[in-house]
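Chemist: Below: sequence and its predicted model.
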Amino acid sequence: MEVHNVDLTISAVDPKQYPSTNYPEIALVGRSNVGKSSLTNVLINRRNFAHTSSQPGKTQTLNFYEVEHQMYFIDVPGYGYAKVSKKERERFGQMIEEYLTTRQQLRGVIELVDGRHKPSDDDISMYQWLRYYNIPTLVVATKIDKVKPSALNRTINEVSRALELPSPDDLQLFSAVSKQGKDKIWQWIEQRMGK
Ligand code: GDP
């Protein structure tokens, strides 16, 4: 999709605030600092629309971005956010779980992992959880420009093995610097939207 039009529709702290339109939704999950805002900005052709974070883990809302009056990207805050109380984290975790398991409009989830490192335990748990609920998921390995070309196969193997990916198509390498992977990620999204 060639994107010209995008609005931050709502930053929701409560399900009552979710948009009531029936546009398909694609959620993005991943730990803080993995490159979620950077991926979002590349997908929507903006330099700094989704704010790249200097303070990891501060965002405590589900952010709905309306794209081309056709769909939403949902920025789901990074797991492993340290700065909030346990109680707040639990309450927020419940909101995310409820959104991911009950939202009718949700067509799929993009889980971001840092392409420079092995997936963390949190990355693995998140992926297992998404599979358990049968939520169609594309794994995107970010910051791939920082990985030597000769090490790319190792990255693919490590991520595939750690997450036990059912198919090689479930993983896409991505760089916000070179934009490598952008078209493939859009293809996956459009397929999930039934286009
Ligand atoms: P978020 O917390 O997941 O939204 O992560 P951000 O998008 O804010 O990115 C965190 C940091 O990683 C920032 O300093 C970005 O500039 C950097 N970053 C994100 N994506 C890439 C990438 O593909 N390549 C490189 N080299 N740096 C990246």
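Modeler: Good, I have the coordinates.
Chemist: Counting by contacts, list what the top helix by length along the chain packs against.
Modeler: Identified as the longest helix of the chain according to DSSP state H is helix 86-102. Applying 3 or more CB pairs under 8 Å, 6 or more residues apart in numbering; DSSP states H and E, one finds that helix 86-102 contacts strand 62-67, strand 106-114. Bear in mind the C-beta positions are built from the backbone N, C-alpha and C, glycine included.
Chemist: ok, 7 Å please
Modeler: Counting contacts by 3 or more CB pairs under 7 Å, 6 or more residues apart in numbering; DSSP states H and E, helix 86-102 is packed against no other helix or strand.
Chemist: contact partners of that helix?
Modeler: With contacts defined as CB atoms under 7 Å, 6 or more residues apart in numbering, helix 86-102 is touched by 15, 27, 60, 62, 76, 106, 109, 133, 135.
Chemist: now the residues you listed: which count as buried?
Modeler: 27, 60, 62, 76, 106, 109, 135 (16 or more other CB atoms under 10 Å).
Chemist: which residue sits closest to the fifth one, ignoring its sequence neighbours?
Modeler: Among residues not flanking L106 along the chain, E25 sits closest, at 5.0 Å (CB to CB, 6 or more residues apart in numbering).
Chemist: so what's that neighbour up against?
Modeler: 71-72, 74, 103, 105-107.
Chemist: If we only consider the buried ones among the contacts of helix 86-102, which is nearest to A151?
Modeler: Lowest distance from A151 to these (CB to CB) belongs to V109, with 26.8 Å.
Chemist: Can you give me the pLDDT of the closest one?
Modeler: pLDDT for V109: 98.
Chemist: neighbouring contacts of the helix or strand harbouring V159?
Modeler: Element membership for V159 (DSSP states H and E) is helix 152-163. The contact list for helix 152-163 (CB under 7 Å, 6+ apart) reads 113, 115, 118-119, 124, 127, 139, 141, 147, 171, 173.
Chemist: Repeat the analysis, applying 8 Å as the threshold.
Modeler: With contact meaning CB atoms under 8 Å, 6 or more residues apart in numbering, helix 152-163 is reached by 113, 115-116, 118-119, 123-124, 127, 139, 141, 144, 147, 165, 168, 171, 173.
Chemist: Identify each buried residue in it, please.
Modeler: For helix 152-163, the neighbour count (16+ other CB under 10 Å) marks 155-156, 158-160, 162-163 as buried.
Chemist: In a markdown table: these, plus pLDDT and distance to the ligand.
Modeler: Formatted as a markdown table, these follow (pLDDT from 0 to 100; distance: CB to the nearest ligand atom, whole Å):
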| residue | pLDDT | distance to the ligand |
| --- | --- | --- |
| T155 | 96 | 13 |
| I156 | 97 | 16 |
| E158 | 97 | 18 |
| V159 | 98 | 15 |
| S160 | 98 | 20 |
| A162 | 98 | 19 |
| L163 | 97 | 18 |
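Chemist: so can I have CSV of the residues you listed showing distance to V177?
Modeler: Converted to CSV, the buried residues of helix 152-163 look like this (distance: CB to CB, whole Å):
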residue, distance to V177
T155, 16
I156, 19
E158, 21
V159, 19
S160, 23
A162, 24
L163, 24
